[in-house]
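**Student:** Okay, sequence plus prediction incoming.
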Amino acid sequence: MDFSLTEEQTMLKDSVNRFLGKNFSFEQRRKMLADRQPMSTQLWQGLAELGVLGVPFSPEDGGYGGGGVETMLVMEALGCNLTLEPYLATVVLAGGCVARGAADWQKKILLPKIIDGSMILAFAHSEPNARFDLGHVGTRATRDGNNFVLEGEKTLVLHGSVADKFIVSARTAGDPGDARGVTLFIVEADEENLGGQEYPLFEGTRALDLQLAGVKVGPESVVGTLDQAMPLIDTVLDRAMAALCAEAVGIMDALHATTVDYLKTRQQFGQPIGRFQALQHRAVDMLVQLEQARSMALLAASKVDSSDVSERRRVVAAAKEMTGRAGRYVGQQAIQLHGGMGMTDELNVSHYFKRLTAIDVLFGNAASQRTRFATMKESGATAQMKPPRKSWVKI
Amino acid sequence: MDLNYTKEETAFRGEVREFIRGHLPGDLSRKVLEHKRLGKEDYVRWQKILFEKGWLAAGWPVEYGGTGWSAIQRFIFEDESAAAGAPRLTPFGLHMVGPVIIAFGTDHQKKQYLPRILSSEDWWCQGYSEPGSGSDLASLKTRAERKGDKYIVNGQKTWNTHGQWADMCFCLVRTSSEGKKQDGISFLLIDMHSPGITVRPIITLEGEHEVNEIWFENVEVPVQNLVGDENRGWTCAKFLLSHERTGIAGVGASKRELHYLKHIATQEQEGGKPLMEDPLFRDRVAKVEIDLMALEITCLRVASADRDGKAPGPEASILKIKGTEIQQELTELMMDAVGPYALPHLPMAWGDHWIGAHVGPDYAAPLAARYFNYRKTTIYGGSNEIQRNIIAQMVLGL
Ligand SMILES: Cc1cc2nc3c(=O)[nH]c(=O)nc-3n(C[C@H](O)[C@H](O)[C@H](O)COP(=O)(O)OP(=O)(O)OC[C@H]3O[C@@H](n4cnc5c(N)ncnc54)[C@H](O)[C@@H]3O)c2cc1C
């Protein structure tokens, strides 16, 4: 049992934080939002040069060879700096599909470009009627000789409008809810019969709804094994959720610190409002939630690479639940404790709050994660104890 | 970072499990698992078994009969003990006054008391609270006046857990009323068999006798029973509060109770289906289970900082608050799980010799009582409001 970071990990964390502190600011974020800019090419290039975009990829693929913990460190930093970059979409989601599913020759083409920042990928998986069912794929890929024709709709494709390519999940067999029969395809953004509309999420991330109206792709665009993409998608989504938990912890950390500072400086009734016990206790409860969420983000980061799939899924669902719930609490209290200032767009508090709210919703909010968690099978280790037998006694 | 147990830690867990399997009497663990009433002899029985093995005072230095285990090992030990249904170790000697004597006591006190704590010869109780001094403990009034080589103690303590069984009491008493109220307090070890001491039971809401009032009327206490300096008792009291941080969260016992809860909720039927399949109930169980998973990791973070000789981070301060909230939630869920069968009040059925009939399933009888009794957890040991005050001031600097 070891919670300490290695020297390399500490360096990674420090260098990302230092870079973002120097090259990105809250004012820039607000300007990007006003200009409807999905990302900053300059910042992305900077992250690439720092090696951050290669963090989760293996050294053979030209990456840094990091695991869940390294991704966590990057995501925490991206979160507390309120960046808008497509790290989740390109590196964790689409990049994850490529790194864990694609053939070597595909990796050779794609990964170096992801890592050097010259190619943006987006993951087109969610569908209009799926709600939080991550296994729901209705988009069809019908065979046409050697080729496939893709037909269907994808929604909430994060950073889709800046993507050069999409990784699209589509059904090559079975019905929308089936675990089998899903295949991943690489689809060029400039493909014919591919349409869409771009919109912002409430916190500013830009997303795309995609219409695939008979998009023709060749057999070389298939990622991984035909019909068998679901386990791969699950793995990648678990990593994405663990990454989001880390981002949320980075945000909650910043938000809690900001709020405690505000309690010490804002004066009312002739004293700092932090003197009021009602507010002190709220600040402590925020800390309780934050530390509990941090524990789960750590656990998730350390288990996403685990070969025990059921344990991995259980831990990730629990972590996503905990951070979602904690995020709501910490965010709501941060606004409340800032009073009217918390309501303004001018202060980063509202931006943090909205991002936390979005993180909760992405890939299933706390309530849906609880359901997922509760209906999962426990792996052997946790179900070791034998309960006493029940015996009815008749009177 | 590696949140898996190391080979050594896993081997240690195996060794602990093996020992407990071989030595924890079945009738004793059954009582614990089924929430039966435990008597002094039950606690002492298990403590003697552990003492013989040398595993009783896990947190003490080896030279005083401790184990020398790391905080992670202690966590594992607690986890295994709780899972197997071992009675909890009475904290007053082992986790409270023992470490205080080790840190502040004289050689004579160490020789006199530590071995008797280990052998369970002395049962200790804690004499801090008074009718007028609860959260504001430093306002306490029980007086100790020095007369030659004795203190004469007069006053009243209250809420003394298991004081009815106690041979010794560690007390905070006022030895001076000058200066700051914290500065006139001393830490005294009082023989409960001394003349002038009266112990009266307080029956708590579930109907049990767990706590007591203690009256002191001209009780003579030898001066050599003073721990630390006169008027410096507050230092001992504060030291005691900071000791054994991870134990306070009760993670191991809560894991056991969660397991039991799921067992009950699988047996109980509603609308022809196990209660565990009811989405609302299942949701509440999932929530507390996730909270507990998180708290376990939080505890391990604290334990590993301790093992590595690092100062505890802010996470250490949340253990009591979150741990007790979870304990209470579990007792509430268990009571809710049996529905109307929470209602019958059958205190006889909580005893171990009960062979009479149950109303409803046998596991139902003690559940409401436990729910009532566990309201104490957010009150004692520094109420959760006081914990929040302390964190706000000491950790957040408010
Ligand atoms: C079952 C049980 C066993 C116990 N065992 C022992 C024992 O063995 N030895 C011993 O010495 N004591 C023991 N205690 C006593 C326990 O430590 C006290 O009950 C506790 O310190 C609270 O004091 P009080 O009961 O006087 O409540 P009060 O201090 O009167 O508190 C009443 C309420 O006011 C709140 N409150 C008080 N001050 C503040 C503040 N500044 N800010 C916000 N809220 C505040 C409290 O949180 C509580 O909710 C036990 C108590 C119980 C219930």
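**Tutor:** The structure has been received and is ready for your questions.

**Student:** So the residue in the stretch 51-200 of chain A that chain B sits nearest to: helix, strand or coil?
**Tutor:** Distance from chain B to each residue of the stretch 51-200 of chain A (CB to the nearest CB) is smallest for residue A:69, at 5.1 Å. Using the backbone N, CA and C atoms, a C-beta is placed for each residue, glycine as well. Assigned with DSSP: H, G, I helix; E, B strand; the rest coil, residue A:69 falls in the helix class.

**Student:** ok, it touching residue A:302?
**Tutor:** Yes: Residue A:69 sits in contact with residue A:302 when judged by CB atoms under 8 Å, with a separation of 6.4 Å.

**Student:** Mind listing the shared neighbours of these two?
**Tutor:** Residues touching both residue A:69 and residue A:302 by CB atoms under 8 Å, 6 or more residues apart in numbering or on different chains: residue B:1.

**Student:** quick one: what helix or strand has residue A:213 in it?
**Tutor:** Assigned by DSSP states H and E, residue A:213 belongs to strand A:206-217.

**Student:** Quick one: mean pLDDT over that strand.
**Tutor:** Mean pLDDT, computed over strand A:206-217, is 96.

**Student:** which ones are touching residue 158?
**Tutor:** Unless you meant another one, I'm taking chain A. Neighbour list for residue A:158: A:86, A:88-89, A:93, A:122-123, A:205, A:207 [criterion: CB under 8 Å, 6+ apart].

**Student:** wrong chain, I was asking about chain B
**Tutor:** Residues counted as contacts of residue B:158 (CB under 8 Å, 6+ apart) are B:129-131, B:202, B:211-214.

**Student:** of these, closest to residue B:11?
**Tutor:** Residue B:11 lies nearest to residue B:211 out of those, by CB to CB, at 41.1 Å.

**Student:** part of a strand, is that closest one?
**Tutor:** Yes: per three-state DSSP, residue B:211 lies within a strand segment.

**Student:** my read: it touches residue B:199, true?
**Tutor:** No: Residue B:211 is not in contact with residue B:199 according to CB under 8 Å; the separation is 10.6 Å.

**Student:** Quickly list the domain ranges of the chain.
**Tutor:** Picked chain A for this. A:7-118, A:123-226, A:231-379 (automatic domain parsing).

**Student:** could you do chain B instead?
**Tutor:** Under the assignment automatic domain parsing, the domains of chain B span B:7-89, B:124-232, B:249-396.

**Student:** what about those, which gets the closest to the ligand?
**Tutor:** domain B:124-232 (1.7 Å; CB to the nearest ligand atom).

**Student:** and residue A:196, what are its phi and psi?
**Tutor:** phi 180, psi 170 (degrees, to the nearest 10).

**Student:** Confirm for me that it is in contact with residue A:212.
**Tutor:** No: counting by CB under 8 Å, residue A:212 is not a contact partner of residue A:196; they are 9.3 Å apart.

**Student:** ok, now which ones touch residue A:113?
**Tutor:** Counting by CB under 8 Å, 6+ apart, residue A:113 touches residue A:119.

**Student:** Quick check: it vs residue A:41, distance?
**Tutor:** Relative to residue A:41, residue A:113 is positioned 14 Å away (CB to CB, to the nearest Å).

**Student:** Can you tell me how far residue A:85 is from the ligand?
**Tutor:** Separation of residue A:85 from the ligand (CB to the nearest ligand atom, to the nearest Å): 45 Å.

**Student:** Test my guess that that residue contacts residue A:39.
**Tutor:** Yes: if you go by CB under 8 Å, residue A:85 and residue A:39 touch, sitting 5.3 Å apart.

**Student:** Please say which of those two ends up with more neighbours.
**Tutor:** More crowded of residue A:85 and residue A:39, by other CB atoms under 10 Å in any protein chain shown: residue A:85, with 25 against 21.

**Student:** Which strand or helix spans the more buried one?
**Tutor:** Here residue A:85 is covered by no helix or strand, with elements defined by DSSP H and E.

**Student:** Check the contact lists of residue B:211 and residue B:199 and give me the overlap.
**Tutor:** With CB under 8 Å, 6+ apart as the test, residue B:211 and residue B:199 both reach B:160, B:163.

**Student:** Given the strand holding residue A:213, what are its sheet partners and their directions?
**Tutor:** Strand A:206-217 pairs in its sheet with strand A:147-158 (antiparallel), strand A:194-200 (antiparallel), by DSSP bridges.
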